[in-house]
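Undergrad: Here is a sequence with its predicted model. Questions after.
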Amino acid sequence: MRAKLACQQRSRDPPKGVNLNAHITDKLEDLAEIYDKVLGDPYKAKNHNLAANAIKDLPFKATRIEQLVDPPVIPAMASKRSTVRGKINEILTTGRLQKLEELKRNDRVVAVRELTRVWGVGEAKARHLFNVGIKTVNQLRARQMIGLKYFDEFDQRMPREEASAIAGYVERAARRACPGCVAVAAGSYRRGKPTCGDLDVLISPTREWMTAESCGSLGDGRGGVSTFKDILPTVLAELRGKGVLTDDLSVGKDSYMGLARADADADGGGGMGVVPVEPARTHRRIDVKVYAPEELPFALLYFTGSGYFNRSMRYWAKRRFGLSLNDKGIFRETSNAASKVTDAEIDDEADVFEYLRLKYVAPEDRSV
DNA sequence: CGGCAGCGCAC
DNA sequence: GTGCGC
DNA sequence: GCCG
């Protein structure tokens, strides 16, 4: 009775060493791996591997599907409806496998496949990483190493004087890139806390600058940049050059996350010829974001927090008016651009409170 | 159509 | 309970 | 994907 069980068989004796059918099995195995690691279908994977393994053991190179069906290399192959058989047939007749090529062109497939090669990263983790923009092992490694490298430093909060110093660098860089702009440190710094876990700096040009920019009357070599989208890269370049920014975590179109430290050019007033002293200041988490002037009040409100304060405000806006609130504006229903509320002149945070029929609360009092 | 192995470990 | 590796 |  047990005689037929696989676990009662000796393996097919002389281990055949060479695979004469790699032209078939490579494709099947690739497809299996994608089914398993990317598409979350381990059973499809298993069956593709089953066929691949059987074909690997053949003592001849298969060129026609009949050679695999006659005595079926696996039981399923006997059936005309076997989809694996169909795929093998396609490989044998065309030398290609459409389905596989299609999948291999897919961004997500490529990324998840690479990421799951990391021990501890499975399908779910890889999918999540992909969703947050991490698509390669190198990107993952960079992130991981920064986290480890500064593990102890990230634990420490900075005195607000240090936050102020870093923000000062950002502000000066911003003013050079975009004369007249505002650069405000939000977050717990703006709420007046004596220490800060990280630093959010919001940059926003003046309305006048925007107007001048859009009609091309800037950028004539007076030091500022010519377009809105140049602001962030210009500011970052200067801060990197000064050694204020030491590592990047993510660099987007109008949002930056990275590490900064104060007193990078500590000899600022110390005169020239001073040998640069090892700064050795703690690395701090910093976010820099650029907003259009009309968005600034909302961005300020949003990034000044606290998180709890924000939630309660959003809750009110939704329950009382059916409005949704984010860092860019007030929206009806969901926050798509089309539904942005424009019927009110919102010039500062106070206008937002007023629009929502709430009494103004100063930043220092928002640490609820 | 449901089942396809089931476990220990980390979180 | 979920994700992961085996 | 395949099987019962």
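TA: Sure, I can see it.
Undergrad: how far away is A:Ala237 from DNA strand D?
TA: 49 Å (Cβ to the nearest atom of the strand, to the nearest Å). Every residue, glycine included, has its C-beta placed from N, CA and C.
Undergrad: the helices in the stretch 201-350 of chain A, which residues?
TA: A:207-214, A:231-241, A:296-304, A:307-321, A:349-355 (DSSP state H, counting those that start in this stretch).
Undergrad: now the first one and helix A:231-241, what's the angle there?
TA: Computed with axes from the mean of the first three to the mean of the last three Cα atoms, to 10 degrees, the direction of helix A:207-214 lies at 100 degrees from that of helix A:231-241.
Undergrad: Please identify the deepest-packed of the helices of the stretch 201-350 of chain A.
TA: Of all the helices of the stretch 201-350 of chain A, helix A:296-304 carries the top mean neighbour count, a mean of 22, counting by mean count of other Cβ atoms under 10 Å.
Undergrad: Determine the set of other helices and strands touching that helix.
TA: helix A:187-190, strand A:199-204, helix A:307-321, helix A:349-355 (3 or more Cβ pairs under 8 Å, 6 or more residues apart in numbering; DSSP states H and E).
Undergrad: what about the lowest-mean-pLDDT helix or strand in chain A, distance to the chain center?
TA: In chain A, no helix or strand scores lower on mean pLDDT, DSSP states H and E than helix A:207-214, which sits at a mean of 80. Distance of helix A:207-214 from its chain centroid, counting by Cα atoms, centre = their mean, to the nearest Å, is 31 Å.
Undergrad: Ok, stretch A:158-177 next?
TA: When distances are taken as Cα atoms, centre = their mean, stretch A:158-177 is centred 26 Å away from the chain's centroid.
Undergrad: Give me the buried stretch members for that stretch, please.
TA: A:158, A:160, A:162-167, A:169-171, A:173-175, A:177 (16 or more other Cβ atoms under 10 Å).
Undergrad: again with stretch A:93-103
TA: A:Leu97, A:Leu100, A:Leu103.
Undergrad: Can I get that stretch in PDB, CA atoms only?
TA: Output of stretch A:93-103 as PDB, limited to C-alpha atoms (Å, rounded to 0.1, in the frame of the first residue of the first chain):
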ATOM      1  CA  THR A  93       7.000  26.500 -30.900                       C
ATOM      2  CA  THR A  94       7.900  30.200 -30.500                       C
ATOM      3  CA  GLY A  95      10.900  30.100 -28.200                       C
ATOM      4  CA  ARG A  96       9.100  32.600 -26.000                       C
ATOM      5  CA  LEU A  97       6.500  32.800 -23.200                       C
ATOM      6  CA  GLN A  98       4.300  35.900 -23.600                       C
ATOM      7  CA  LYS A  99       2.900  35.700 -20.100                       C
ATOM      8  CA  LEU A 100       6.300  35.700 -18.600                       C
ATOM      9  CA  GLU A 101       7.700  38.500 -20.700                       C
ATOM     10  CA  GLU A 102       4.600  40.600 -19.800                       C
ATOM     11  CA  LEU A 103       5.200  40.100 -16.100                       C
END
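Undergrad: how close does A:Thr246 sit to A:Arg85?
TA: From A:Thr246 across to A:Arg85, the span is 58 Å (Cβ to Cβ, to the nearest Å).
Undergrad: no no, A:Ala163
TA: 66 Å.
Undergrad: and the buried residues of stretch A:93-103 as a markdown table, adding secondary structure, pLDDT and distance to A:Thr116?
TA: Listed next are those as a markdown table, based on DSSP: H, G, I helix; E, B strand; the rest coil; pLDDT from 0 to 100; distance: Cβ to Cβ, whole Å:
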| residue | secondary structure | pLDDT | distance to A:Thr116 |
| --- | --- | --- | --- |
| A:Leu97 | coil | 98 | 21 |
| A:Leu100 | helix | 97 | 17 |
| A:Leu103 | helix | 96 | 14 |
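Undergrad: Distance to DNA strand C for those - can I get that in a markdown table?
TA: Converted to a markdown table, these look like this (distance: Cβ to the nearest atom of the strand, whole Å):
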| residue | distance to DNA strand C |
| --- | --- |
| A:Leu97 | 25 |
| A:Leu100 | 22 |
| A:Leu103 | 19 |
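Undergrad: For A:Arg127, which of the helices and strands packed on helix A:296-304 is the nearest?
TA: For these, proximity to A:Arg127 was assessed by Cβ to Cβ; helix A:307-321 is nearest, at 26.2 Å.
Undergrad: tilt between the closest one and helix A:296-304?
TA: 130 degrees.
Undergrad: pull the CA atoms of helix A:307-321 into CSV?
TA: Presented in CSV, the C-alpha positions along helix A:307-321 are these (Å, rounded to 0.1, in the frame of the first residue of the first chain):
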residue,chain,number,x,y,z
GLY,A,307,-1.2,65.2,15.3
TYR,A,308,-4.0,65.0,17.8
PHE,A,309,-4.9,68.6,17.4
ASN,A,310,-5.1,68.1,13.6
ARG,A,311,-7.3,65.0,13.9
SER,A,312,-9.7,66.8,16.0
MET,A,313,-9.8,69.8,13.6
ARG,A,314,-10.4,67.5,10.6
TYR,A,315,-13.0,65.6,12.5
TRP,A,316,-14.9,68.8,13.1
ALA,A,317,-14.6,70.0,9.5
LYS,A,318,-15.9,66.8,8.3
ARG,A,319,-18.8,66.4,10.8
ARG,A,320,-19.9,70.0,10.8
PHE,A,321,-19.4,70.9,7.1
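Undergrad: Many thanks, have a good one.
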